[in-house]
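>>> Structure for the following, please:
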Amino acid sequence: MKNKNVIDKFKILIGDQNVLTSEWNKLPHSKGWRYGAGNALAVLKPVKLIDIWKILQICIKENIIVIMQAANTGLTGGSTPFGDNYDRPIVILNTMRINSIHIINKGSQIVGLTGSTLYDLEKKLKPLGREPHSIIGSTSIGASIIGGICNNAGGSLVQRGPSYTEMALYARIDKDGKLELVNELDINLGSNPEEILDNLQNQNYKKSDILNTNKLGSDDKYSKIVRQINKNTPARFNSDIRLLHGASGSAGKIAVFAVRLDTYLSPIKNKVFYVGSNDPDVFWKIRRDILSKFKTLPTLGDYLHRDCYDAAKKYSKDTFLVIERLGTKFLPTLFELKRKVDNIAGKLKFLPNNFSDRLMQFLSNFFPNHLPKRMEKFRDLYKHHWIIEMSDEGINEARNYFSKVFEDCDGDYFECNDFESKKASLHRFVSASAIGRYHILNSKRHGEMMSLDIAFPRNEKKWFEKLPREIDEMFEIKLYYGHLFCHVLHQNYIVKKGVDGEKLKTELLKIYDKRGAEYPAEHNVGHEYTAKQSLKDFYKELDPTNGFNAGIGKTSKNKNWA
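Numbering: from 1, shown residues only. Model prediction:
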């Protein structure tokens, strides 16, 4: 009866159609994109910032946990419930209908509201000759601007580092259980929550209300940090206290209404260099040479092992073709469609689990090879592949360097034409989905799937994983890709049948602890990783009653962190 009364309050506030209570309608929001699921009392989809404030007031009064959610595209389950062992009911507050983006300061900065997406931001900035922090990866799957900030998301771009800002508008619950609105946007919006939130949503502020501020709208130190190749600590990782500030790194422990961010000038020219070698030490040398000697940092530098190349060619082919032919803007629609198909198939006993993946894999077999001949030739020649993109003055620097470096080193390179550049970058991007598809199609023969998001120390030479034989024999398949200039590797595994994946993962992490690695590097803890003490302390400071996203980072799910 109490739950019904609460749901009725939500319906009165935002309308019946925006309060989802059936399991069918809640599932796309209560189950993670790749990891985690749990029960929720309701999924709420407001259209006004002030309604979020009023929802939070109800939840505090009724002792309900709030999980803020945007696109639900996270890889570690951090924007959904996880299991059923919470001490209070949960409400998922989905923000995707509040998606306005305000261009300010002649395009050098933006204000993104709570559900605004990276894709829309990229599209809005393009006519201005500017770019957002991320232009591939999260952008392509419909991820939100604020999701990146809350997770200090890293991404592929070498010059820009983790997503970061010191300017945000957010609600938090103080130690006495009272809701407070914190305006760190440095924009004059009014004096009380109703006035502030309405003025922001309606862009009811003047140029003179936007204060010149010393607060950062991006990470201004990363381009120097990544060049420090002899340091024995990683360049970027989620528990770095340098980047834990307000909304940045908050992982859903507050309710973020808006962030103010810097934008970046678009390069005039770009050129992709495709590099191959059979010796990991060659890539170690190239990385150190470019970071320490080049005047211009690379735009990106994404690594792909041959095994991952092959897996992506087969198991990510359909995703590749969809993006190539329909554009990245179709991906969020595709993922939503897949979820609906699988929900329907789950109710029809004669159809297999994950029916949409099986169908798409089957259909992909009818299309010819989608990868360029020069890439395929390098696949046969080399185990290790590196896609390095340079811009403007950096193009000639790279051209001169690569023309000489392989005179004494194992490997080779070629300069991609426009056709090859797009194919190479897209192939690397879709490789992230290969392990999931492989596991779905072979789940009866193999054991669990698991992944590691590892940030190596900047001076680490042995970046490519070599495991003790007794551990290595427990794996059925290992796929490696990542961002080599940042020394971040994504290591995906499927263990053999009967192997305890959690126990094995613990052993792997012990190995990386001894080597000074940090994890997660850029995907945040979600419910997959244990939060380091610096993160736990930050979460408790933001959310002393544990009213938001309880249990994140394998912390307590109970009120007041009991």
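
>>> quick one, what contacts the residue nearest to Asp289 when sequence neighbours are not counted?
Counting by CB to CB, 6 or more residues apart in numbering, the nearest residue to Asp289 once its immediate chain neighbours are dropped is Tyr401, at 6.9 Å. All C-beta spots, glycine's among them, are computed from the backbone N, C-alpha and C. Contact criterion CB atoms under 8 Å, 6 or more residues apart in numbering gives Asp289, Ile290, Phe294 as the residues in contact with Tyr401.

>>> what's downstream of the helix or strand hosting Tyr401, the next helix or strand?
Of the helices and strands defined by DSSP states H and E, Tyr401 is found in helix 393-405. Per DSSP H and E, helix 393-405 leads on to strand 412-415 as the next helix or strand towards the C-terminus.

>>> Now that following strand: buried residues?
For strand 412-415, the neighbour count (16 or more other CB atoms under 10 Å) marks Asp412, Tyr413, Phe414 as buried.

>>> Stretch 61-76 too?
For stretch 61-76, the neighbour count (16+ other CB under 10 Å) marks 62, 64-76 as buried.

>>> again with stretch 538-547
For stretch 538-547, the buried set under the neighbour-count rule, 16+ other CB under 10 Å, comprises Phe538, Tyr539, Lys540, Leu542, Asp543, Pro544, Thr545, Asn546, Gly547.

>>> measure stretch 463-473 end to end?
End-to-end span of stretch 463-473 (CA to CA, to the nearest Å): 20 Å.

>>> Now it: average pLDDT?
Averaging pLDDT along stretch 463-473 yields 95.

>>> Now do it: distance to the chain's middle.
Taking CA atoms, centre = their mean, to the nearest Å, the mean C-alpha location of stretch 463-473 is offset from the chain mean by 27 Å.

>>> do the same with stretch 80-90
23 Å.

>>> Between the two ends of it, how far is it?
Counting by CA to CA, you get 10 Å between the two ends of stretch 80-90.

>>> ditto for stretch 362-377
First-to-last residue span, stretch 362-377, CA to CA: 26 Å.

>>> And stretch 319-334, by the same measure?
The first and final residues of stretch 319-334 sit 9 Å from each other (CA to CA).

>>> hey, which helix is longest across the protein?
When every helix of the chain is counted residue by residue (DSSP state H), the longest turns out to be helix 331-346.

>>> After that helix, heading C-terminal, what element do we hit next?
On the C-terminal side of helix 331-346, the nearest following helix or strand under DSSP H and E is helix 355-364.

>>> Go through the worst-scoring helix or strand of the chain on mean pLDDT and flag the buried ones.
Counting by mean pLDDT, DSSP states H and E, the weakest-scoring helix or strand in the chain turns out to be helix 331-346, with a mean of 74. By 16+ other CB under 10 Å, the buried positions in helix 331-346 come out as Leu331, Pro332, Leu334, Phe335, Lys338, Arg339, Val341, Asp342, Asn343, Ala345.

>>> Likewise for stretch 507-522?
Taking 16+ other CB under 10 Å as the neighbour-count basis, stretch 507-522 is seen to contain the buried residues Leu508, Leu509, Tyr512, Ala517, Glu518, Tyr519, Pro520, Ala521, Glu522.

>>> again with stretch 316-325
Ser316, Lys317, Asp318, Thr319, Phe320, Leu321, Val322, Ile323.

>>> got any ranges where the stretch 301-450 of the chain has weak pLDDT?
For the stretch 301-450 of the chain, the stretches with pLDDT under 70 are 328-332.

>>> can you check the stretch 1-150 of the chain too?
Looking at the stretch 1-150 of the chain by pLDDT under 70, you get 136-142.

>>> Need the distance between the two termini of stretch 218-227.
Start-to-end span of stretch 218-227 (CA to CA) is 18 Å.

>>> Give me the contact list for that stretch.
Surrounding stretch 218-227, the residues in contact under the criterion CB under 8 Å, 6+ apart are 133, 158-165, 235-236, 242-243, 261-262, 291-292, 297, 458, 485-486.

>>> which of those residues count as buried?
133, 158, 160-165, 235-236, 243, 261-262, 291, 297, 458, 485-486.

>>> Just the residues you listed: which are in strands?
Residues of the buried ones among the contacts of stretch 218-227 located in strands (DSSP state E): Leu261, Asp262.

>>> Sort out which of the buried ones among the contacts of stretch 218-227 are in helices and list them.
The members of the buried ones among the contacts of stretch 218-227 that map onto helices under DSSP H are Leu291.

>>> if we can go back for a sec, now render the buried residues of stretch 316-325 as TSV, adding distance to Lys497 and secondary structure.
Listed next are those as TSV, based on distance: CB to CB, whole Å; DSSP: H, G, I helix; E, B strand; the rest coil:
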residue	distance to Lys497	secondary structure
Ser316	24	coil
Lys317	27	helix
Asp318	27	helix
Thr319	27	helix
Phe320	30	helix
Leu321	32	helix
Val322	32	helix
Ile323	34	helix
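
>>> In TSV, list those along with distance to Asp120.
Converted to TSV, the buried residues of stretch 316-325 look like this (distance: CB to CB, whole Å):
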residue	distance to Asp120
Ser316	25
Lys317	28
Asp318	25
Thr319	21
Phe320	23
Leu321	24
Val322	19
Ile323	17
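
>>> now, among those, which is nearest to Lys31?
Thr319 (19.7 Å; CB to CB).

>>> Is the closest one in contact with His427, as I believe?
No - taking contacts as CB atoms under 8 Å, Thr319 lies outside contact range of His427: 10.4 Å.

>>> quick one: the residue nearest to Asp289 from Phe464, how far?
As for Tyr401, its distance to Phe464 is 22 Å (criterion: CB to CB, to the nearest Å).

>>> before we move on, the earlier item: and the contacts of the least confident helix or strand of the chain?
Counting by CB under 8 Å, 6+ apart, helix 331-346 makes contact with 24, 27-28, 33, 71, 73, 119, 140-142, 319, 322-323, 351-357, 359-360, all of which sit outside it.

>>> Kindly calculate the angle that that helix makes with helix 355-364.
Orientation check (axes from the mean of the first three to the mean of the last three CA atoms, to 10 degrees): helix 331-346 against helix 355-364 gives 110 degrees.

>>> For helix 331-346, what is the distance to the chain centroid?
Its chain's C-alpha centre lies 20 Å from the corresponding centre of helix 331-346 when counted by CA atoms, centre = their mean.

>>> all helices for the stretch 51-200 of the chain, in order.
Counting by DSSP state H, counting those that start in this stretch, one finds helices in the stretch 51-200 of the chain at the ranges 118-125, 145-150, 193-201.

>>> Among the ones you listed, which comes closest to His490?
Across those, His490 has its closest neighbour in helix 145-150 (16.9 Å, CB to CB).

>>> Return that closest one as CSV; C-alpha atoms alone will do.
As requested, C-alpha coordinates have been extracted for helix 145-150 and formatted as CSV (Å, rounded to 0.1, in the frame of the first residue of the first chain):
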residue,chain,number,x,y,z
ILE,A,145,27.6,14.2,-21.6
ILE,A,146,27.0,14.0,-17.8
GLY,A,147,27.6,10.2,-17.8
GLY,A,148,31.1,10.9,-19.0
ILE,A,149,31.8,13.5,-16.4
CYS,A,150,30.4,11.4,-13.5
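
>>> Point out the other helices and strands that it packs with.
helix 118-125, strand 255-262 (3 or more CB pairs under 8 Å, 6 or more residues apart in numbering; DSSP states H and E).

>>> tell me the most buried of those?
strand 255-262 (a mean of 26; mean count of other CB atoms under 10 Å).

>>> Any chance you could list what contacts the helix or strand just after it?
Heading C-terminal from strand 255-262, the first helix or strand you meet, by DSSP H and E, is strand 264-265. Contacts made with strand 264-265 from outside it, assessed by CB under 8 Å, 6+ apart, are listed as Gly129, Arg130, Glu131, Pro132, His133, Arg160.
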